[in-house]
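In: Predicted model follows, preceded by the sequence.
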Amino acid sequence: MTSPASLPEHVAIIMDGNGRWALRQGRPRTDGHEAGSDALKRTIETALKYRIRILTVYAFSSENWSRPKSEVRKLLELFLRALNREVRELDEHGVRIRFVGDRSAFNPALRDGMARAEKRTRDNSALLLNVAVNYGGHADIAGAARRLAEAVARDELDSKQIDADRLGAELALGDQIPPDLFIRTGGEMRLSNFLLWELAYTELYFTEVLWPDFDGGDFEAALDDYARRERRFGGLGEVKHA
Ligand code: IPE
Ligand code: IPE
Ligand code: MG
């Protein structure tokens, strides 16, 4: 495995391919979501093993409401059940859970479950787990711009003070370092409205593996690939100067 120095501190994952995984076995799509929650559990264990500081996962996008009502209902039911089932163990492992996205659309039981999980784990520091639910990158950026505009209107902020750092700080992950490594399972090569601002200089990694099949070895393959990348951030990196 790679040396600790070349491990990412923040990994962001689009957990995609649940539906196809189930359909390939002649099972309903929602069985894939169920299996997907086991894959998330394994992934958290691997993140803890490698002492990754932050893991941000895309669980439900603001566009996923356009799926059939029955799938959305089942998905949110599974989400609440997994939350109630896993919080104690996550807490014991030192995982701090945070939800990002617009939770106002969810029913009170789900909102309550999310708030309780955040409260119970808020002092943990082994791993910060951000779970993006009803999250969309465009809405996140638009919300940040709106809050800054409101602060200007109230005379609390001069518009000249608005720069990339100021806007970035208003985002849902504004208090955290941006992802070093992005992983998307399921073979699609797109961002699907995930962390559009934060991924500016993130290393991107795509795999055909469907999310329910994603295991520790697949995660390690992504970490190995990341360790071989040269991050230049617009500079020249290790390239020799002429
Ligand atoms: C990802 O799997 C989970 C969610 C989007 C909630 P999908 O349900 O998108 O699975 P595929 O991409 O259709 O296989
Ligand atoms: C992205 O996957 C959202 C989540 C994994 C939660 P989608 O399956 O919704 O993305 P598209 O529709 O293929 O772009
Ligand atoms: Mg999908």
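Out: Good, I have the coordinates. Numbering: from 1, shown residues only. Ligands and ions are numbered 1, 2, ... in the order given.
In: By residue count, tell me the biggest helix in this structure.
Out: helix 69-92 (DSSP state H).
In: Can you spell out which helices and strands pack onto it?
Out: Packed against helix 69-92 by the contact rule (3 or more Cβ pairs under 8 Å, 6 or more residues apart in numbering; DSSP states H and E) you find helix 29-49, strand 54-61, helix 108-121. The C-beta positions use only the backbone N, C-alpha and C, and glycine is treated the same way.
In: Quick check: which of the ones you listed has the most neighbours on average?
Out: Mean neighbours per residue, mean count of other Cβ atoms under 10 Å, is largest over the helices and strands packed on helix 69-92 for strand 54-61, with a mean of 22.
In: For that strand, which outside residues touch it?
Out: Applying Cβ atoms under 8 Å, 6 or more residues apart in numbering, the contact partners of strand 54-61 are 9-15, 40, 43-44, 47, 75-76, 79, 100-101, 127-136, 173, 176-177, 179, 192-195.
In: Just the ones in helices from the residues you listed, please.
Out: Going by DSSP H, the helices hold Leu40, Thr43, Ile44, Ala47, Leu75, Leu76, Phe79 from those.
In: Is it correct that the first one is in contact with Met15?
Out: It stands for Leu40. Yes: between Leu40 and Met15 there is a contact under Cβ atoms under 8 Å: 6.6 Å.
In: pLDDT averaged over stretch 231-238, what's the number?
Out: Stretch 231-238 shows an average pLDDT of 92 in the prediction.
In: and what of stretch 169-186?
Out: According to the model, stretch 169-186 has a mean pLDDT of 98.
In: burial count for Arg146?
Out: 11 (other Cβ atoms under 10 Å).
In: Cool, thanks, talk later.
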